[in-house]
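Student: sequence? don't have it. structure:
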């Protein structure tokens, strides 16, 4: 990445008031590096025995990354409430409320074809990021099309959609407790599958799952870990994670990013292969800007090798349509044909076909939860419940380091550019993992330096330091100040990709802080203390001090009191501050006790309301 600094060399005046320069691709390059660190498993030419062993390994790793124990799947409802069916054209809709755990409700619609004479094939329908959920006409159309072809369909809302609005969605803080949103949805969908399998008019041996976009990712994860499914059709979502980061134009929702998946050596082709030997068809748009078709082709091609090795009756194939991120009529017709071939048998109801007319989904008779239950849990409640069961020990530097993806050698920085003026020394450092760190050092005064790290970057830090600390150094951590990406959405995207790659962004930023402190020490510049200005800076400084014993004492401003407060800190603290698994290993008080006199808290951050979405 050294070639990125040539523009800084040409900057005309680096001494007093330099023009801000950006390194717009740095977070992307670091993300791609993290996602590609583990070698991909190649299914081509492998024996059936090797493929079966790999699939078992993938299932175990996916469950681990989802934070699922052996008892979590298959999930079983605690209670189910069905309301009276509403008759439609060729089928009926029964509103269903599934209580997976006490107070955790899943709202859904059960589509039952008219004229069933034997247990029918069934499809679980999961949806993407329309928060209308099961009431969104674009999704309802697919459910109608399946029901009018003789399939029983259970269409469930994901957390935060339609009748589950208050549950919360698009939240990243649950990863602190190894509870990614995808884990919650996998358990919800598994419980919905249990309900579906128990219906007397459903053939439990012929159940499938499908969904578009975010629902496509739900489909792939569920099919990878749920052995009760007989077929799956993930739509407009499957693509290699590396390719999504490299050429996709948008980020996943927090619910789709599963920390440490790539670090465990699992890529998207492994998710698809884990469904073998059950029939699977991936549907993607050739012009989809979010989920690049090139990544879908690569994932399906590799998974198909696994199917061939197992001599599966079904196959894993890709059906491409000339469209962007959507499901046009030809797309839906292909979906219906796939399930008819994969799940139907003689004697099943054919149905009238077509998709019928739109249904008024605002009809109060279609409410699964016409009255909000007295006990109605949210994602925040599940998060806190997970923490209550955590058994924490004294946090060791090694354990915190593993959570951060910490590599000590990455903090051995070298100076790429150095410009010395009358008052200021300006340096561009490069860390061992390739990040660029712009550093400024005020050379006036005597005594040790105060090394400032701020949520607002070095310029904000220096503005606050004008009178308080006469001799200071400040820097921009990766993705901040001069290194801010041109597309600011890359803060969000990097938080996902780096976590998936096992190198979370806070760990990289802790590396930057340690790298600057080490470099200053090598230069003979004594750092008396590190001053962290802001809640994210305080967390980063606390974590850095926890893994680097030689770091100077840290002074923390607006520090988080406890990670139990995370739901109430949405909006006050950037999602980029959260480290997957940290809350299960150590809470803030334990980290501070471990640092002893090496840390002093100057002010605390107080939690506020608990928004249902983080971005």
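Tutor: Cool, got the structure. Every value quoted in this text rests on a predicted model; they were computed, and no experiment measured them.
Student: For the residue positioned nearest the centre of the chain, which non-adjacent residue is spatially closest?
Tutor: Residue closest to the average C-alpha location in the chain (CA atoms, centre = their mean): residue 257, at 2.0 Å. Distances taken as CB to CB, 6 or more residues apart in numbering place residue 496 nearest to residue 257, at 3.8 Å, with adjacent residues excluded. (Each C-beta comes from the backbone N, C-alpha and C, glycine too.)
Student: Name the SS class of that neighbour, please.
Tutor: Residue 496 carries the three-state label helix when classified by DSSP: H, G, I helix; E, B strand; the rest coil.
Student: Contacts only, for it.
Tutor: Residue 496 sits next to 251-252, 254, 257 when contact means CB atoms under 8 Å, 6 or more residues apart in numbering.
Student: Buried ones among those?
Tutor: 251-252, 254, 257 (16 or more other CB atoms under 10 Å).
Student: Name the member of these with the shortest distance to residue 224.
Tutor: Closest approach to residue 224 among the buried ones among the contacts of residue 496 (CB to CB): residue 257, at 15.7 Å.
Student: contacting residues for the closest one?
Tutor: Contacts for residue 257 were tallied using CB under 8 Å, 6+ apart; they are 180, 182, 496-497, 499-500.
Student: got CSV for the residues you listed, with pLDDT too?
Tutor: Converted to CSV, the contacts of residue 257 look like this (pLDDT from 0 to 100):
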residue, pLDDT
180, 97
182, 98
496, 96
497, 97
499, 98
500, 98
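Student: now, the most widely separated pair of the residues you listed?
Tutor: Greatest spacing in those, by CB to CB: 182 and 497 (15.1 Å).
Student: Among these two, which residue is more densely surrounded?
Tutor: Legend: neighbour count by other CB atoms under 10 Å for residue 182 and residue 497, higher for residue 497 (29 against 26).
Student: Relative to residue 435, how far out is that one?
Tutor: Counting by CB to CB, to the nearest Å, the gap from residue 497 to residue 435 is 15 Å.
Student: Test for you: state the pLDDT assigned to residue 249.
Tutor: As predicted, residue 249 sits at a pLDDT of 85.
Student: Neighbours of the nearest residue to it once chain neighbours are set aside, how many?
Tutor: Excluding the flanking residues, the one nearest residue 249 by CB to CB, 6+ apart is residue 289, at 4.2 Å. Neighbour count for residue 289, taken as other CB under 10 Å: 12.
Student: I'd assumed residue 236 was in contact with residue 289.
Tutor: No - assessed by CB atoms under 8 Å, residue 289 is found out of contact with residue 236, at 11.0 Å.
Student: about what we covered before: just checking, which of the buried ones among the contacts of residue 496 comes out lowest on pLDDT?
Tutor: residue 251 (72).
Student: which secondary structure element contains it?
Tutor: Residue 251 is part of no helix or strand when elements are defined by DSSP states H and E.
Student: check contacts around it.
Tutor: Taking CB under 8 Å, 6+ apart, we find residue 251 in contact with 489, 492-493, 496.
Student: Out of those, who's the most crowded?
Tutor: In terms of neighbours by other CB under 10 Å, the contacts of residue 251 top out with residue 496 at 26 neighbours.
Student: Can you read off the pLDDT for residue 407?
Tutor: 91.
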